[in-house]
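> Predicted model, plus sequence, below.
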Amino acid sequence: MTPLPFSGQRFSIMQKSSVLLLCLFLSVLSACDRTKPVHNSRFLGFGTIIEVTIYGTDHERAQQAINDIENDIATMHKTWHPREENALKRTNNLFQTTEWFSAAPSVRPLILKSIELSQASQHLFNPAIGKLIELWGFSQDERPVSEPPPAEKISALVSKQPRMSDIELKGITMRSKNPDVRMDFGAIAKGFAIDKNIEHLRKLKINNAIINAGGDLRAIGKHGDRPWVIGIRDPRKEGIIASLKIQEDESVFTSGDYERHFEYKGKRYHHIIDPRTGFPAEGTISVTVIHSDAATADAASTALFIAGKDHWHELAKRMGIKYVMLIDSENTVHINPAMRARIQFETEKLPTINLSEPL
Amino acid sequence: MSKKYNLLTTADKMLLSCIVVGLPLLYFSIWSQDLQADSIKIWSSNKGYQTFALDQEQEIRIEGANGVSILEIHDGKIRFVDSSCTNKLCVRAGWISRAGAFVACLPNEVSMEITGRNGYDSINF
């Protein structure tokens, strides 16, 4: 029999096996580490909680990437916040003059994207109504509980009809034809920022990740050999209403009346303002959309929320959105067949479902 | 080597004992996470994640960005009892008990969520 390499030394079998056991134990511990290939990190950004999940990248590299994202989002938040002294505010002030001026490079791409999406949504997604948002107090991080603004003030602002199409761009200059345009990017900034940071992750060769900003997310790649699984929270009750599997690269965005809101004398006032009335849009509880890019998903979920149960379908078609679920104020789920096929309801009782024509 | 060890060599014995002891160890280290009951993950911007058992009744004080948030675990549920914020949306959210449920107090930068077997990779709302 060939002697074991260390059998020449006078160790007892007990000693030998305990050394081996120790080795095994250590390898078990390290195997432990390898069974958790997911890196998960949270930080504050855009006045909400940002969660980044990365699969299959070593922790150090993943954390590096997450730090980049955190810095980037902090910068974007400062640049685009409606109440800070920043490039957005300077731009808004110059819009009031209706004169031409040179556009700030930090806001120009967001303006271009917003003009395009605003047009496609027939101006239901309308970031030009910053004055209305300000009047309602929803541009503040935490709105104090107080009465809603007076109806005359609201209708005065609505009658000015500020729209993104009032903005003209020529080379590096721009102007607004309408002095009452004041931009508030609350319904697109998060989506736009997520897209930029997904691009950044891809450049770093990180191809399996989720960026979730306050409940709205874009997921790329997979969780190992299975797809990413997303739970959609019930807009009225505790827990998850439905789940879905991500197909390689998709954004899942929900606009809901429960997100930013206040209650005054028993009535709920939420943050999704219908630009046609100047009041919170009625009849919808939440809209969930799936789309490839996050900026479009962000704007579309807001626009479809305002369109409501009677008009969401035609607007989704116009905007090229393929997956929509709208819950109306009677708790009826309006859904297109492709979305229905992808969604698994997780509630004990199936909700009332109104299946639409295909999109 | 004496005759006694003919059937099993020293190496065989060591291998066997490693398998006998090591396999259950390995099994539990890999699967125990999934065998665990639902638990609570509390996050605060200054302390990061903290994990609590959902079946252990207690009051938890979390130092947030503006002050203290008080959370209560009772009867397999958890809620915000109070928090350093003006709107108290977190307190009004009430009890949560099911995996995937999530409540945050943004002004105080504290959030809580229930994680469990039916965990999702990310929650949309």
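Happy to help now that I have it. As the structure is a prediction and not an experimental result, all values here were calculated from the model. Residues are numbered from 1 along each chain as shown, chains lettered A, B, ... in the order given.
> quick one: the strands in chain B?
Taking DSSP state E as the test, the strands found in chain B are B:39-44, B:48-53, B:58-63, B:68-74, B:77-82, B:102-105, B:110-115, B:122-124.
> Ok, which of these comes nearest chain A?
Comparison of the strands of chain B against chain A by Cβ to the nearest Cβ identifies strand B:122-124 as nearest, at 4.7 Å. Every residue, glycine included, has its C-beta placed from N, CA and C.
> hmm, who's touching that closest one?
Strand B:122-124 is contacted by residues A:51, A:53, A:210, A:212, A:215-217, A:219, A:228, A:230-233, A:240, A:252-254, A:288, B:100, B:102, B:113 when judged by Cβ atoms under 8 Å, 6 or more residues apart in numbering or on different chains.
> and with 7 Å instead?
Contacting residues not belonging to strand B:122-124 are listed as A:51, A:53, A:210, A:212, A:215-217, A:219, A:228, A:230-233, A:252, A:254, A:288, B:100, B:102 [Cβ atoms under 7 Å, 6 or more residues apart in numbering or on different chains].
> wait, A:V229 sits on B:D121?
Yes. A:V229 is within contact range of B:D121, at 5.3 Å (criterion: Cβ atoms under 7 Å).
> Going by how many neighbours each has, rank those two and give me the top one.
Neighbours were counted for A:V229 and for B:D121 using other Cβ atoms under 10 Å in any protein chain shown; B:D121 has more, 22 against 17.
> My understanding was that that one contacts A:W228; is that so?
Yes. Look at B:D121 against A:W228 with Cβ under 7 Å: they come within range, at 4.7 Å.
> so what sits against both of the two?
Counting by Cβ under 7 Å, 6+ apart, the shared contacts of B:D121 and A:W228 are A:I210.
> B:E113: how many residues sit nearby?
Neighbour count of B:E113, defined by other Cβ under 10 Å: 19.
> Run through the bridge partners of it.
Beta-bridge pairing of B:E113 under DSSP bridges involves B:K41, B:F102.
> circling back: switch the strands of chain B over to JSON lines; also include mean pLDDT.
What follows is the strands of chain B, written out as JSON lines (pLDDT from 0 to 100):
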{"stretch": "strand B:39-44", "mean pLDDT": "90"}
{"stretch": "strand B:48-53", "mean pLDDT": "90"}
{"stretch": "strand B:58-63", "mean pLDDT": "94"}
{"stretch": "strand B:68-74", "mean pLDDT": "95"}
{"stretch": "strand B:77-82", "mean pLDDT": "94"}
{"stretch": "strand B:102-105", "mean pLDDT": "89"}
{"stretch": "strand B:110-115", "mean pLDDT": "89"}
{"stretch": "strand B:122-124", "mean pLDDT": "92"}
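> A:R90 is nearest to which of the ones you listed?
Nearest of the strands of chain B to A:R90, taken as Cβ to Cβ: strand B:102-105 at 32.4 Å.
> how far is the closest one from where the chain is centred?
Relative to its chain's centre, strand B:102-105 lies at 16 Å (Cα atoms, centre = their mean, to the nearest Å).
> got the CA positions of that strand in PDB?
Extracted in PDB, the C-alpha atoms of strand B:102-105 (Å, rounded to 0.1, in the frame of the first residue of the first chain):
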ATOM      1  CA  PHE B 102     -42.800  46.500   3.100                       C
ATOM      2  CA  VAL B 103     -43.300  49.800   5.000                       C
ATOM      3  CA  ALA B 104     -40.900  52.700   5.100                       C
ATOM      4  CA  CYS B 105     -40.600  56.000   7.000                       C
END
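> That strand - contacts with which helices or strands?
If contacts are counted by 3 or more Cβ pairs under 7 Å, 6 or more residues apart in numbering or on different chains; DSSP states H and E, strand B:102-105 sits against helix B:89-92, strand B:110-115.
> Where does the prediction get shaky in the stretch 1-150 of chain A?
Along the stretch 1-150 of chain A, segments meeting pLDDT under 70 span A:1-36.
> And the strands in it?
Listed in chain order, the strands found in the stretch 1-150 of chain A under DSSP state E, counting those that start in this stretch are A:38-45, A:48-55, A:101-102.
> tell me the most buried of the ones you listed?
strand A:48-55 (a mean of 22; mean count of other Cβ atoms under 10 Å in any protein chain shown).
> Between strand B:39-44 and it, find me the angle.
For strand A:48-55 against strand B:39-44, the angle by axes from the mean of the first three to the mean of the last three Cα atoms, to 10 degrees is 120 degrees.
> Using CSV, list the CA coordinates for strand A:48-55.
Included here for strand A:48-55 are C-alpha records, laid out as CSV according to Å, rounded to 0.1, in the frame of the first residue of the first chain:
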residue,chain,number,x,y,z
THR,A,48,-36.8,57.4,-1.7
ILE,A,49,-35.1,54.1,-1.1
ILE,A,50,-32.9,52.8,-3.9
GLU,A,51,-32.1,49.1,-3.9
VAL,A,52,-29.5,47.5,-6.2
THR,A,53,-29.3,43.8,-6.6
ILE,A,54,-26.4,42.2,-8.5
TYR,A,55,-26.0,38.5,-9.3
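> any bit of that strand sitting next to chain B?
Yes. Using Cβ under 7 Å from any Cβ of the partner chain, strand A:48-55 reaches chain B at A:48-49, A:51, A:53.
> May I see these arranged in JSON lines, with distance to B:I70 as well?
Shown next, in JSON lines, are the residues of strand A:48-55 next to chain B (distance: Cβ to Cβ, whole Å):
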{"residue": "A:T48", "distance to B:I70": "22"}
{"residue": "A:I49", "distance to B:I70": "20"}
{"residue": "A:E51", "distance to B:I70": "24"}
{"residue": "A:T53", "distance to B:I70": "29"}
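> which among the residues you listed gets closest to A:E282?
For those, the residue nearest A:E282 by Cβ to Cβ is A:T48; the value is 24.7 Å.
> Excluding sequence neighbours, find me the nearest residue to that closest one.
A:G214 (3.2 Å; Cβ to Cβ, 6 or more residues apart in numbering or on different chains).
> Burial check on the one you found, number of neighbours?
A:G214 has 19 neighbours, counted by other Cβ under 10 Å.
> Assess the claim that it and A:E51 are in contact.
No. A:G214 is beyond contact range of A:E51, at 9.1 Å (criterion: Cβ under 7 Å).
> how many neighbours does B:L26 have?
17.
> try A:N67
By the criterion of other Cβ under 10 Å, A:N67 has 12 neighbours.
> Now do the nearest residue to B:A93 once chain neighbours are set aside against A:Q122, distance only.
Distances taken as Cβ to Cβ, 6+ apart put B:V103 closest to B:A93, at 4.5 Å, once the chain neighbours are dropped. B:V103 is 36 Å from A:Q122, where distance means Cβ to Cβ, to the nearest Å.
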